[in-house]
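Visitor: Need the 3D shape of this:
(2 chains)
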Amino acid sequence: EDQVTQSPEALRLQEGESSSLNCSYTVSGLRGLFWYRQDPGKGPEFLFTLYSAGEEKEKERLKATLTKKESFLHITAPKPEDSATYLCAVQAYSSNTGKLIFGQGTTLQVKP
Amino acid sequence: KAGVTQTPRYLIKTRGQQVTLSCSPISGHRSVSWYQQTPGQGLQFLFEYFSETQRNKGNFPGRFSGRQFSNSRSEMNVSTLELGDSALYLCASSSKSPEPSGNTIYFGEGSWLTVV
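Guide: Numbers count the residues shown, from 1 in each chain, chains lettered A, B, ... in the order given. This is a model prediction of the structure:
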């Protein structure tokens, strides 16, 4: 069964304190791994799609990496405005559709 | 470029009633998916439509249904509402049918449904 597990569930950082969020997955053929940011009361905001092991993508203070079993979202020198829930999702070849399987998310709080 | 638009944003319904939610995808996008988000279960896939055809369906009862129109706009309907149907319902759109390289999937702001 395709599955996504994110850790930690919650993370509290001081402004400027870098860290990483983990997304472990099991999927019958990975079509793509997606990272989203979700603010309270809003829909998920697209950040990255990774397709193959070894791939990396960056956007401002965020960098996403992918291996055959997990993905990391590295946050460098975070600011309070980076506080949000970060969601990881996988898209499998087997579904032959756009269906995403989501993890439970990591809620990040960055204190000034 | 306009994003994914969902209406209504908030609504309150009574148990036993039915509700229809609407989604307008990004212009040019032909695939629309629906998800239910609750604190306990997270984001769960409901169904996906492409070119007016349902391509995939999640593990939800038959009370949950949807459709897609020729202009790619989509609606989902929940009949005989239950308290447990209270959730954020999210619509997502993407530009191509699945390809080996995958695609980018964008979400709307969602429709908050409260069942009382």
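Visitor: dump the residue contacts of residue B:44.
Guide: Residue B:44 makes contact with A:102, B:35-38, B:58-60, according to Cβ atoms under 8 Å, 6 or more residues apart in numbering or on different chains. Every residue, glycine included, has its C-beta placed from N, CA and C.
Visitor: What about these, which are in strands?
Guide: In strands, judged by DSSP state E, the following of these are found: A:102, B:35-38.
Visitor: Between the residues you listed, which sits nearest residue B:77?
Guide: The shortest approach to residue B:77 among these belongs to residue B:36, at 13.3 Å (Cβ to Cβ).
Visitor: now that closest one: how far from residue A:72?
Guide: According to Cβ to Cβ, to the nearest Å, residue B:36 stands 28 Å off from residue A:72.
Visitor: Over to residue B:55?
Guide: The spacing between residue B:55 and residue A:72, counted by Cβ to Cβ, is 31 Å.
Visitor: all strands in chain B, in order from the N-terminus.
Guide: With strands called from DSSP E, chain B shows them at B:5-7, B:10-13, B:19-24, B:31-38, B:42-50, B:53-57, B:64-68, B:74-78, B:87-94, B:105-107, B:111-115.
Visitor: Name all residues that make contact with the closest residue to residue B:23 other than its chain neighbours.
Guide: Leaving out its chain neighbours, the residue that sits closest to residue B:23 by Cβ to Cβ, 6 or more residues apart in numbering or on different chains is residue B:91, at 3.5 Å. Residue B:91 is in contact with B:4, B:6, B:21, B:23, B:25, B:32-35, B:74, B:76, B:107-108, B:110, counting by Cβ under 8 Å, 6+ apart.
Visitor: Please apply the same query to residue A:67.
Guide: Neighbouring residues of residue A:67 by Cβ under 8 Å, 6+ apart: A:53-54.
Visitor: May I have the helix-or-strand element of chain B with minimal mean pLDDT exported as CSV, CA atoms only?
Guide: The weakest-scoring helix or strand in chain B, judged by mean pLDDT, DSSP states H and E, is strand B:53-57 (a mean of 92). What follows is strand B:53-57, C-alpha atoms only, in CSV (Å, rounded to 0.1, in the frame of the first residue of the first chain):
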residue,chain,number,x,y,z
THR,B,53,-14.7,11.5,-17.1
GLN,B,54,-14.0,10.3,-13.6
ARG,B,55,-10.6,8.6,-13.7
ASN,B,56,-10.1,7.6,-10.1
LYS,B,57,-12.2,7.5,-6.9
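Visitor: Quickly run through the sheet partners of it, with directions.
Guide: Strand B:53-57 has these partner strands in its sheet, going by DSSP bridges: strand B:42-50 (antiparallel).
Visitor: can you give me the mean pLDDT across the partner strand?
Guide: Average pLDDT, strand B:42-50: 95.
Visitor: just stretch A:63-73 next, same as before
Guide: 97.
Visitor: next one: stretch B:25-42 to chain centre, how far?
Guide: Mean-position distance between stretch B:25-42 and its chain equals 5 Å (Cα atoms, centre = their mean, to the nearest Å).
Visitor: end to end, how far does that stretch reach?
Guide: Criterion Cα to Cα, to the nearest Å; first-to-last residue distance in stretch B:25-42 is 22 Å.
Visitor: Buried residues, it. List them.
Guide: For stretch B:25-42, burial by neighbour count (16 or more other Cβ atoms under 10 Å in any protein chain shown) applies to B:25-26, B:29-37, B:42.
Visitor: Need the max-distance pair from those residues.
Guide: Most distant of the buried residues of stretch B:25-42, by Cβ to Cβ, are B:30 and B:42, 26.6 Å apart.
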